[in-house]
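Asker: Below are the sequence and a predicted model; questions follow.
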Amino acid sequence: MPEARVRRRGRTTLLIGTAAVLGLVAGTCAGFLVQADREPTKLPSLSQPVLAQARGEEPEPLSAAQDRRVKTDGDLRKLLLKKPAGLKEADWVEGADGWVDLAGYADAFDEPGAIFGDLVGAEFRRLATTGWEVSSTYGVQIRLVQFRQEEGLGAAERTNSEQYWAENEDTDSWPIPGTGEGMVYVHNKPETKPGYLPQYFAEASAWRGDIAVEIYVWDTKPIPKAKIMDLAERQMGRL
């Protein structure tokens with residue numbers, strides 16, 4: 001089979017390349033000679049005008065009553081609504097001494113493994129809770145779930161998740177005044193289990209700053225809007 005003929009890179013290409021280089025060098029030298037015969041150009045001054053310093057007194061730091069972080073960085077349990085006088089303290093509240101860790105909170109959901117990962121990603125910080133029994137069938141639980149919020153808005157995301165599930169059930173809902181996106185929900189259908197009385201539920205879900213608020217009420221008879229709304233407004237007022 002005859003060898004394929006490829007045009008060899010010959011002297012013509014080399015000469016053109018060399019001429020181009022020589023032309024560039026010559027042009028550069030000529031430029032230097034022309035510039036050498038000229039008077040040096042005066043540079044502009046580097047000095048800048050002096051800026052007047054702002055005058056006036058610095059603003060006063062916020063007082064403890066005005067600085068919300070003073071409250072929320074302290075004992076979170078003190079921000080929970082107090083158990084009404086004369087009512088029994090609930091022994092079914094998870095955690096110990098009013099505190100619930102991440103694993104304990106995740107166990108309160110149908111899929112603990114999934115919610116555990118979500119809470120880690122949302123920068124869960126801590127959770128304070130309380131609860132009481134109005135009667136043998138009527139109970140209340142409140143959770144304050146705090147997030148670090150260094151990379152996201154964990155409190156708002158937790159509230160949005162709670163509201164998503166509540167709105168996908170047969171509920172009536174109303175906004176909580178003064179909270180922006182806070183809502184209360186009254187479930188219209190009771191939960192039924194063999195051997196147990198039917199249970200009606202109502203809940204509230206809101207957030208303020210780095211704290212998500214969760215309130216749950218249950219009874220064997222329908223729960224009025226006024227009961228869950230009163231709890232929600234008073235709890236949000238404490239934040």
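Answerer: Received it, and whenever you're ready, just let me know what you need.
Asker: Which residue ranges of the protein form strands?
Answerer: 88-89, 99-100, 124-133, 139-147, 171-175, 183-187, 200-208, 211-219 (DSSP state E).
Asker: now for the fifth one, which elements pack on it?
Answerer: Packing contacts for strand 171-175, counted by 3 or more C-beta pairs under 8 Å, 6 or more residues apart in numbering; DSSP states H and E, involve strand 183-187, helix 225-238. For glycine as for every other residue, the C-beta is placed from the backbone atoms N, C-alpha and C.
Asker: can you list contacts of the last one?
Answerer: With C-beta atoms under 8 Å, 6 or more residues apart in numbering as the contact definition, helix 225-238 has outside contacts at 79-81, 140, 142, 172, 174, 176-179, 182, 184-186, 202-204, 206, 208, 213, 215, 217.
Asker: switch the cut-off to 6 Å
Answerer: 79, 81, 176, 179, 184, 186, 202, 204, 206, 213, 215, 217 (C-beta atoms under 6 Å, 6 or more residues apart in numbering).
Asker: which ones are touching the fifth one?
Answerer: Contact criterion C-beta under 6 Å, 6+ apart gives 174, 204, 228, 229, 232 as the residues in contact with residue 184.
Asker: And these, which is closest to residue 156?
Answerer: residue 204 (15.4 Å; C-beta to C-beta).
Asker: Can you list the residue ranges for helices in this structure?
Answerer: 11-36, 68-72, 102-106, 112-121, 154-167, 225-238 (DSSP state H).
Asker: Tabulate the CA atom coordinates of the last one in PDB.
Answerer: This file holds the C-alpha atoms of helix 225-238, laid out as PDB (Å, rounded to 0.1, in the frame of the first residue of the first chain):
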ATOM      1  CA  LYS A 225     -61.400  28.100  67.800                       C
ATOM      2  CA  ALA A 226     -61.300  30.400  70.900                       C
ATOM      3  CA  LYS A 227     -59.300  27.900  73.000                       C
ATOM      4  CA  ILE A 228     -56.500  27.300  70.600                       C
ATOM      5  CA  MET A 229     -56.400  30.900  69.500                       C
ATOM      6  CA  ASP A 230     -56.100  32.200  73.100                       C
ATOM      7  CA  LEU A 231     -53.200  29.800  73.800                       C
ATOM      8  CA  ALA A 232     -51.400  30.900  70.600                       C
ATOM      9  CA  GLU A 233     -51.800  34.600  71.100                       C
ATOM     10  CA  ARG A 234     -50.600  34.400  74.700                       C
ATOM     11  CA  GLN A 235     -47.600  32.200  73.900                       C
ATOM     12  CA  MET A 236     -46.500  34.400  71.000                       C
ATOM     13  CA  GLY A 237     -46.900  37.400  73.300                       C
ATOM     14  CA  ARG A 238     -44.200  35.900  75.600                       C
END
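Asker: Please identify the buried residues of it?
Answerer: 227, 228, 229, 231, 232, 233, 235, 236 (16 or more other C-beta atoms under 10 Å).
Asker: Residue 194: which of the contacts of residue 184 is nearest?
Answerer: Checking these one by one against residue 194 (C-beta to C-beta), the nearest turns out to be residue 228, at 27.5 Å.
Asker: How about that closest one: what's its closest non-neighbour residue?
Answerer: residue 202 (4.0 Å; C-beta to C-beta, 6 or more residues apart in numbering).
Asker: which residues does residue 128 contact?
Answerer: So residue 128 contacts 76, 77, 80, 98, 144 (C-beta under 6 Å, 6+ apart).
Asker: pLDDT weak spots in this protein?
Answerer: 1-72 (pLDDT under 70).
Asker: hang on, the earlier thing: in the sheet, who's paired with the residue nearest to residue 228?
Answerer: Legend: beta-bridge partners of residue 202 under DSSP bridges are residue 186, residue 217.
Asker: and it, what is it in contact with?
Answerer: 186, 217, 223, 228.
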